[in-house]
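S.K.: Got a sequence here, can you model it:
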Amino acid sequence: MVRSIARLLYALIFVFSLSFASLSLAGDNCNEIYGDSSQRFTLATGSPGELGLLKALTEEFNKNHGTSLCWKKAGSGASLKLLKEKKVDMIMVHAPAAEKKAVQEGWAMKRTLIGSNEFYIVGPTEDPAGIKQAKSAADAYGRIAKTGARFFSRGDNSGTHKKEMSVWKAGVQPSGPWYIITKDFMMATLKRADSEQGYFMTDSSTWVAAKKDLSNLKILFRGDPYLINTYHALCQPEGATPGQKWGSLFIDFVSSERGQKILGSYGSDLYGEGMYNDAAYAKQYDH
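M.R.: Predicted coordinates:
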């Protein structure tokens, strides 16, 4: 009888421990955790995490620093907000004007160019707006608006959304039933554009990862230098958050020769082509 009660107590303690651990992990609001060290730092980003680049970089970094990383999935606008509110130690984003403002205001530091990709305007194979003949991104958007062809926008203040809106400002204020706001991430919006056969501005990295599963879309416009998409890393000022030290060191690693090799070759083994350009290439488009 005593042994039975003891076994029951041990079982209850075990279940409680698991539940407590799960609650603790949930409290971190991490989309993924890479590594099991107590020396944890927190990073917010969107597509680099969604596509696996962040995991590849972090696994190599953790080997040499005994750290672990909590990834919070957020677009550039939301990532910058998390950094400002001291809810993350660092970010990887593509919103140059907002990044510079953050540094100027003093709540971010160490803004470092880490790489780039580019934006493609993809759409239905039959190209109802005729954007294949466009001379610029603004021209392509103007053709879409003029014909009222279905267009998908993330509408979430992400770096992609900021870039999209800057292109619209060159000619048209988008509105109407043809302009569909998803409030969703890159991959989800791209897949919706495919299923509903509309236009969308996707980054090249997400396109490379998703294209084999897309049946209705093709690249219809690319090559405007304005659509080159540069990524920067930023971290908290020294001492601002517990993991700031590791975030700062991670920026050093990503911009190092080893980190740049991982970034520049990432995706080649999975898709037959790299998904990002390194900082040396991106520098010519940096602003």
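
S.K.: ok, which stretches of the stretch 1-150 of the chain are helices?
M.R.: Along the stretch 1-150 of the chain, the stretches classed as helices by DSSP state H, counting those that start in this stretch are 2-27, 47-50, 53-65, 76-84, 96-105, 137-147.

S.K.: buried residues in the fourth one?
M.R.: The one in question is helix 76-84. By neighbour count with 16 or more other Cβ atoms under 10 Å, helix 76-84 contains the buried residues 76-83. All C-beta spots, glycine's among them, are computed from the backbone N, C-alpha and C.

S.K.: now the strands for this protein?
M.R.: Ranges of strands in the chain, per DSSP state E, are 32-34, 40-45, 68-73, 90-93, 109-124, 151-153, 179-181, 199-203, 217-221, 228-235, 277-278.

S.K.: Only the buried residues of stretch 98-106, if you could.
M.R.: The neighbour-count check on stretch 98-106 (16+ other Cβ under 10 Å) flags 98-99, 102 as buried.

S.K.: er, stretch 125-140 actually
M.R.: 127-129, 131, 134, 136-140.

S.K.: Turn those residues into TSV, including pLDDT.
M.R.: Compiled in TSV, the buried residues of stretch 125-140 are given as follows (pLDDT from 0 to 100):
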residue	pLDDT
127	98
128	98
129	98
131	98
134	97
136	96
137	96
138	95
139	96
140	97
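
S.K.: low pLDDT regions in the stretch 101-250 of the chain?
M.R.: Along the stretch 101-250 of the chain, the model assigns pLDDT under 70 to residues 170-171.

S.K.: what about residue 286, distance to residue 114?
M.R.: Spatial separation of residue 286 from residue 114 under the definition Cβ to Cβ, to the nearest Å is 11 Å.

S.K.: got it, and residue 40?
M.R.: According to Cβ to Cβ, residue 40 stands 21 Å off from residue 114.

S.K.: now swap in residue 65 and tell me
M.R.: Relative to residue 114, residue 65 is positioned 18 Å away (Cβ to Cβ).

S.K.: more crowded one of those two?
M.R.: residue 114 (21 against 17; other Cβ atoms under 10 Å).

S.K.: which ones are touching the more buried one?
M.R.: Contacts for residue 114 (Cβ atoms under 8 Å, 6 or more residues apart in numbering) come out as 92, 231-233, 251, 254-255, 259-260, 263, 279, 282.

S.K.: who touches residue 66 in this structure?
M.R.: By Cβ under 8 Å, 6+ apart, the neighbours of residue 66 are 37, 39.

S.K.: With residue 264 instead?
M.R.: Residue 264 sits in contact with 115, 274, 276-278, where contact means Cβ under 8 Å, 6+ apart.

S.K.: ok, now with 10 Å
M.R.: Neighbouring residues of residue 264 by Cβ atoms under 10 Å, 6 or more residues apart in numbering: 115, 274-281.

S.K.: can I get those residues in a markdown table with distance to residue 227 and neighbour count?
M.R.: Output for those, formatted as a markdown table (distance: Cβ to Cβ, whole Å; neighbours: other Cβ atoms under 10 Å):
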| residue | distance to residue 227 | neighbour count |
| --- | --- | --- |
| 115 | 16 | 29 |
| 274 | 18 | 18 |
| 275 | 16 | 26 |
| 276 | 15 | 28 |
| 277 | 13 | 23 |
| 278 | 18 | 21 |
| 279 | 18 | 22 |
| 280 | 20 | 11 |
| 281 | 15 | 14 |
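
S.K.: In those residues, which has the lowest confidence score?
M.R.: Within the contacts of residue 264, residue 274 has the lowest pLDDT, namely 93.

S.K.: any idea how far that one lies from residue 44?
M.R.: 24 Å.

S.K.: which residues does residue 77 contact?
M.R.: 46, 93, 95, 98, 156-162.

S.K.: most neighbours, which of those residues?
M.R.: Neighbour-wise, the contacts of residue 77 (other Cβ under 10 Å) top out at residue 46, 30 neighbours.

S.K.: Out of the contacts of residue 77, flag the one nearest to residue 204.
M.R.: Relative to residue 204, the closest of the contacts of residue 77 is residue 160; by Cβ to Cβ it sits at 11.7 Å.

S.K.: tell me the contacts of residue 152?
M.R.: 122-123, 164, 179-182, 184, 189-190, 192-194, 196, 198-202.

S.K.: how about a cut-off of 8 Å?
M.R.: Applying Cβ under 8 Å, 6+ apart, the residues near residue 152 are 180, 182, 189, 192-193, 196, 198-200.

S.K.: Repeat that for residue 95.
M.R.: Contacts of residue 95 (Cβ under 8 Å, 6+ apart): 76-77, 80, 159, 162.
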